[in-house]
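S.K.: any chance you could fold what I've pasted below:
(one chain, ligands or ions: 1)
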Amino acid sequence: MRYRLLLILLWLPMMLLAQAPKKVTLQVLGSGGPELTDKRASASYLVWIDDKSRFLVDFGGGASLRFEESGAKVEDLDAVLLTHLHIDHTSDLPALIKGAFFSDRKRDLPIYGPEGNDVMPATSGFVFRLFESGKGAWEYMGDFLDGRAAFALKPNDIPESRSPLTLFSENNVSVEAVSVHHGPIPAVAYRINVGKRSITFSGDMNGSYHTLEALAKGTDILVMHNAVPKGATGIAAQLHMTPKTIGEIAAAANPKILILSHRMMRTIGKELETIAEIRKYYKGKIKFADDGNRFLAL
Ligand SMILES: [Zn+2]
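M.R.: A predicted model of the protein is given here:
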């Protein structure tokens with residue numbers, strides 16, 4: 001009887017600890033786009049759960065240095081989530097994998113991203129074109145695809161879907177994705193849920209699929225890309241959201257905070273105009289991202 005009481009006394013605090021709300025933090029690694037003049041790393045975000053760097057969303061040029069500066073550990077990553085395969089979202093991926101060679105990582109590393117089309121390879125094809133033995137640009141890293149290295153890369157292609165798909169869900173952490181319109185480029189938005197907390201990433205998109213609204217509904221932090229200014233037309237507007245579109249989507253999703261990132265020379269300096277436009281629709285909190293910024297999901 002006394003033994004059973006002792007077990008209950010031990011079990012209770014462990015259960016309470018397991019259910020304790022986790023601290024979920026967004027860290028901006030790269031707040032810029034592809035330009036070489038914005039003095040920012042290209043698109044990349046880190047999601048911390050308590051003190052562990054668990055998810056990377058995109059990893060464009062300069063992000064590997066920002067990753068180092070953040071104190072993140074490649075051993076702690078549960079997955080790399082690629083919104084699409086443009087260079088400003090993926091080009092530091094080889095640097096991450098080579099860096100991981102020198103780490104204690106033993107767990108396989110899932111890499112999620114969209115399926116392919118006539119314009120772009122699927123995410124799995126992209127990773128194989130980089131590293132495959134005998135074929136890849138960096139074929140000397142082929143060990144990371146065939147199980148001979150300390151861990152393996154596990155690419156996953158996300159099928160086109162206009163309603164959110166759950167990619168995985170375990171231990172109170174889940175990741176959802178939905179297709180978004182980024183001109184001819186297959187692209188997805190992601191939502192990372194940790195208990196009741198969540199962070200949602202638009203990636204690059206122009207809003208015409210109207211899919212982000214449902215994915216981001218009620219999220220704590222919504223990261224949207226401010227790549228074009230008010231009144232943008234032509235190819236720029238086929239690829240990216242205008243401030244009006246950002247405002248309309250944010251109004252529908254109603255996040256606790258809207259973070260504007262992927263800042264480019266054509267939007268930097270127009271922050272007041274951009275906010276005034278978004279404010280016509282969305283009344284909540286807005287922040288512009290800079291490299292290294294941290295935002296706690298509340
Ligand atoms: Zn981009």
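
S.K.: what secondary structure does the residue of the stretch 1-150 of the chain found nearest the ion sit in?
M.R.: The stretch 1-150 of the chain approaches the ion most closely through residue 88 (4.4 Å), counting by CB to the ion. In short, each C-beta sits where N, CA and C put it, glycine included. Three-state call for residue 88 (DSSP: H, G, I helix; E, B strand; the rest coil): helix.

S.K.: doesn't residue 60 make contact with it?
M.R.: Yes - taking CB atoms under 8 Å as the definition, residue 88 is a contact partner of residue 60 at 4.4 Å.

S.K.: now do the same for the residue of the stretch 1-150 of the chain closest to the ion: its pLDDT.
M.R.: Residue 88 carries a pLDDT value of 98.

S.K.: how near is it to residue 199?
M.R.: Remark: distance between residue 88 and residue 199 (CB to CB, to the nearest Å) = 20 Å.

S.K.: which of those two has more neighbours?
M.R.: More crowded of residue 88 and residue 199, by other CB atoms under 10 Å: residue 199, with 27 against 24.

S.K.: what residues are up against the residue lying closest to the more buried one once chain neighbours are set aside?
M.R.: Leaving out its chain neighbours, the residue that sits closest to residue 199 by CB to CB, 6 or more residues apart in numbering is residue 221, at 4.5 Å. Applying CB atoms under 8 Å, 6 or more residues apart in numbering to residue 221 gives the contacts 26, 198, 199, 200, 255, 256, 257, 259, 295, 297.

S.K.: residue 161 too?
M.R.: Neighbour list for residue 161: 177, 178, 179 [criterion: CB under 8 Å, 6+ apart].

S.K.: buried ones among the residues you listed?
M.R.: With burial judged by 16 or more other CB atoms under 10 Å, the buried subset of these is 177, 178, 179.

S.K.: the second one: which element?
M.R.: In this case it means residue 178. If you go by DSSP states H and E, residue 178 is part of strand 173-182.

S.K.: wait, does that strand contact the ion?
M.R.: No - on the criterion CB under 5 Å from the ion, strand 173-182 is out of touch with the ion, staying 8.4 Å away.

S.K.: CA atoms of the helix or strand containing residue 129 as CSV?
M.R.: Using DSSP H and E, the element containing residue 129 is helix 123-131. Written as CSV, here are the backbone C-alpha positions of helix 123-131 (Å, rounded to 0.1, in the frame of the first residue of the first chain):
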residue,chain,number,x,y,z
THR,A,123,11.8,18.0,-52.8
SER,A,124,13.2,14.4,-52.8
GLY,A,125,14.6,14.9,-56.3
PHE,A,126,16.1,18.2,-55.3
VAL,A,127,17.9,16.6,-52.3
PHE,A,128,19.1,13.7,-54.5
ARG,A,129,20.4,16.1,-57.2
LEU,A,130,22.5,17.7,-54.5
PHE,A,131,24.0,14.7,-52.8
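
S.K.: ranges for the helices of the stretch 151-298 of the chain?
M.R.: Assigned by DSSP state H, counting those that start in this stretch, the helices in the stretch 151-298 of the chain fall at 212-215, 234-239, 243-253, 271-279.

S.K.: can you tell me how far the residue nearest to residue 199 is from residue 31?
M.R.: In terms of CB to CB, residue 221 sits 14 Å off from residue 31.

S.K.: residue 196 now?
M.R.: Distance of residue 196 to residue 31, given as CB to CB: 27 Å.

S.K.: ok, now residue 171?
M.R.: Taking CB to CB as the measure, residue 171 falls 30 Å from residue 31.

S.K.: more neighbours: which of these two?
M.R.: residue 31 (26 against 10).

S.K.: so what's residue 252 up against?
M.R.: Per CB under 8 Å, 6+ apart, neighbours of residue 252: 213, 217.

S.K.: my error: substitute residue 275 in the last question.
M.R.: Contacts for residue 275 (CB under 8 Å, 6+ apart) come out as residue 286.

S.K.: neighbours of residue 102, how many?
M.R.: The number of residues packed near residue 102 is 8, by other CB under 10 Å.

S.K.: now residue 119
M.R.: Neighbour tally, residue 119, other CB under 10 Å: 10.
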